[in-house]
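> sequence and predicted structure below; questions after.
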Amino acid sequence: MPVFALTSFTAAVLYATAAWQFLRGEGFRNKKIWVSAILLAGIVIHAALLGASVFRPNAIHLGFSNAVSLIAWLSVSVYALTALKVPLPGIQGWVAGVAAVGVLLPLVLPDARAIPNSNAFGFRAHLVLSLLAYCLLFIAALQALLMSAFEKKLHHGASAAGMPGMPPLLTLESVLFKLIGAGFILLTLAVGSGILFSEEVFGKAMSFSHKTLFAILSWLVFGALLAGRLIWGWRGRLAVRWTITGFVMLLLAYVGSKFVLEILLHR
């Protein structure tokens, strides 16, 4: 088996093991340190794989599979750092699970698509801002789903004590809006850099496409949600619905468009 494939499977097994232990909940409470160590090992190996497949000497290769793999790695890394301050049981298993799938995707769909002008400063700035915004808002979407599930359990008579390690709902909501706030700032900078450095980033003047449309719609949804929170105190189910809607728009803008163009249409 080639070294790249063997290393990818190793990272996937580490992620999957961590995901399984996290999703077990109470069953791994006394093993949390070693589970976190397994997750960290997966992150380090995944980073080395991305260095070999995405950041090549001549250009950045970022087609659909590499993009998903990079987003998965960034998401699990950002979450691991965030969880040092605010552990959120229930999310880490799903983030690690997504990373397990993401690290294997370049094996299933080999990616040889080099991006023109990828060494330009404008492109790299736009890429970093876009990916960080995507990761924070992805974690926010998972957080919103966790809040929705938590709230439903409480409404059906379950007590918070029956969900060990789970912070109060108000804490979850506070973290959600912090994630959205940070993600919105980065998304604003990403959209702005895409417009400002359009020719440097895309090699042509800015044109209005479905990708641009969904990115702007996502920005408007998250902006409206933050404004609603500030002015009218939006929270609870309303915040969850707007968060999911905004992330779906962002998903369609980037990963969705890449999937359609590269996998379905082979462009």
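Perfect, I can see it now.
> who are the contact partners of residue 105?
Residue 105 makes contacts with 65, 68, 69, as judged by C-beta atoms under 8 Å, 6 or more residues apart in numbering. Every residue, glycine included, has its C-beta placed from N, CA and C.
> and the helices in the stretch 51-200 of the chain?
64-83, 92-108, 121-155, 169-196, 198-202 (DSSP state H, counting those that start in this stretch).
> quick check: what element follows the shortest one along the chain?
Scanning the chain past helix 198-202 towards its C-terminal end, the next helix or strand to appear is helix 210-232 (assignment: DSSP states H and E).
> pLDDT score for residue 119?
pLDDT for residue 119: 72.
> measure how buried the residue nearest to it when sequence neighbours are not counted is and give me the count.
With C-beta to C-beta, 6 or more residues apart in numbering as the criterion, residue 119 has its nearest non-adjacent residue at 7.0 Å, and that residue is residue 59. The number of residues packed near residue 59 is 15, by other C-beta atoms under 10 Å.
> residue 75 versus residue 59, what's the distance?
The gap separating residue 59 from residue 75 is 24 Å, by C-beta to C-beta, to the nearest Å.
> same check, this time on residue 44
Following C-beta to C-beta, the distance that separates residue 44 from residue 75 is 16 Å.
> more neighbours: these two, which one.
A count of neighbours by other C-beta under 10 Å puts residue 75 above the other of residue 44 and residue 75, at 24 against 12.
> right, and the more buried one touches residue 141 too?
No: counting by C-beta atoms under 8 Å, residue 75 sits too far from residue 141 to count as a contact (10.4 Å).
> give the contact list for the nearest residue to residue 98 once chain neighbours are set aside.
Among residues not flanking residue 98 along the chain, residue 72 sits closest, at 5.3 Å (C-beta to C-beta, 6+ apart). Contacts of residue 72 were listed using C-beta under 8 Å, 6+ apart, and they are 46, 98, 99, 101, 102, 103.
> ok, residue 72 to residue 135 distance?
Using C-beta to C-beta, residue 72 is found at 9 Å from residue 135.
> average pLDDT for the helix or strand hosting residue 244?
Residue 244 is part of helix 236-251 when elements are defined by DSSP H and E. The average pLDDT for helix 236-251 rounds to 93.
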